[in-house]
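Asker: Sharing a model that was predicted from the sequence below.
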Amino acid sequence: MTTVAVLDYGMGNLHSVAKALEHVGASKVIITHDPALVRAADRVVFPGVGAMRDCMAGMKAVGVDAEVREAASQKPVLAICVGMQALMEHSEENGGVDCLAMFNGKVKFFGNDLVENGQRLKVPHMGWNEVNHTIDHALWRDIPQNSRFYFVHSFYVDVADSQLIAGRSHYGLDFTTAISHDNLFAVQFHPEKSQKMGLQLLKNFVEWRV
């Protein structure tokens, strides 16, 4: 029996993530910020959407910041979208926001001058895009190279240690879409919105043996 805790701090597509996890075989999915329930879970999902300042305030208000750190030292953790960005030191969003600083790196704005083949690109980056696996990893199992995933974001992670990078994409510039360290995996895209390949990644997470 596999219990997955989806961290609830007032931000994120919690119910859609929970339903997707149930669909791919998680025995029990709980949406919670109760420390006892998070500790008892076999694995943890750290989702996030919206503004970084609001996300950080929400985490600190209910103690999710500490729960992420504790879980990442003990069990499989999957961070999604702003959850991935929050692992860095600092974000340019909202005039500058200090993040969890679990990894050295910054969260940068795509900018308003992105151009591809002479055409100005819209920000936020919204829609389907290819992800290039830069390492072999259990969470990429049965996901072909350059599969497409669904993105919605105006900011991207610039991680200091290139050895953490597990996936890259291109949107006017090359950027990191996945990072991996020990029992933590983080993605910029939304697996719960990414149809077959997204469900496969969530299935791989549920079955991941670290």
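Answerer: Cool, got the structure.
Asker: On the three-state scheme, G48 is what?
Answerer: Following DSSP: H, G, I helix; E, B strand; the rest coil, we place G48 in the coil state.
Asker: how close does it sit to C81?
Answerer: 5 Å (C-beta to C-beta, to the nearest Å). For every residue, glycine as well, the C-beta is placed using N, CA and C.
Asker: which residues do those two both contact?
Answerer: When contacts are counted by C-beta atoms under 8 Å, 6 or more residues apart in numbering, the set common to G48 and C81 consists of G12.
Asker: neighbour-wise, which of these two wins?
Answerer: Higher neighbour count among G48 and C81: C81, with 27 against 24, using other C-beta atoms under 10 Å.
Asker: Next, name the residue at the spatial heart of this protein.
Answerer: The centroid of the chain falls nearest to I80 when counting by C-alpha atoms, centre = their mean (2.0 Å).
Asker: for it, which residues make a bridge with it?
Answerer: Following DSSP bridges, I80 is listed with bridge partners V187.
Asker: residue contacts, it?
Answerer: Here I80 is in contact with 12, 17, 45-48, 186-187, 190-192 (C-beta under 8 Å, 6+ apart).
Asker: swap in N146?
Answerer: By C-beta under 8 Å, 6+ apart, the neighbours of N146 are 130-132.
Asker: Also H23?
Answerer: Contacts of H23 (C-beta under 8 Å, 6+ apart): L199.
Asker: got it, and the one 10 residues further on?
Answerer: Contacts for H33 were tallied using C-beta under 8 Å, 6+ apart; they are 7-9, 62-64, 67.
Asker: Check K28 too.
Answerer: K28 touches 1-4, counting by C-beta under 8 Å, 6+ apart.
Asker: Of the residues you listed, which is the most crowded?
Answerer: With neighbours defined as other C-beta under 10 Å, the most crowded of these is V4; it has 24 neighbours.
Asker: got a list of contacts for the helix or strand encompassing that residue?
Answerer: Secondary structure from DSSP states H and E places V4 in strand 3-7. For strand 3-7, contacts defined as C-beta under 8 Å, 6+ apart pick out 12, 14, 17-18, 21, 26-33, 37-38, 40-47, 64, 67-68, 71, 206.
Asker: Helices - which of those residues land there?
Answerer: Counting by DSSP state H, the part of the contacts of strand 3-7 found in helices is 14, 17-18, 21, 37-38, 40, 64, 67-68, 71, 206.
Asker: picking up where we left off before, from the contacts of strand 3-7, which would you call buried?
Answerer: Applying 16 or more other C-beta atoms under 10 Å to the contacts of strand 3-7, the neighbour count classes 12, 14, 17-18, 21, 26, 29-33, 38, 41, 43-47, 64, 67-68, 71, 206 as buried.
Asker: picking up where we left off before, okay if I get the contacts of H33 as TSV plus distance to D161 and pLDDT?
Answerer: Shown next, in TSV, are the contacts of H33 (distance: C-beta to C-beta, whole Å; pLDDT from 0 to 100):
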residue	distance to D161	pLDDT
L7	24	96
D8	30	95
Y9	27	93
V62	30	93
G63	28	92
V64	24	91
E67	24	94
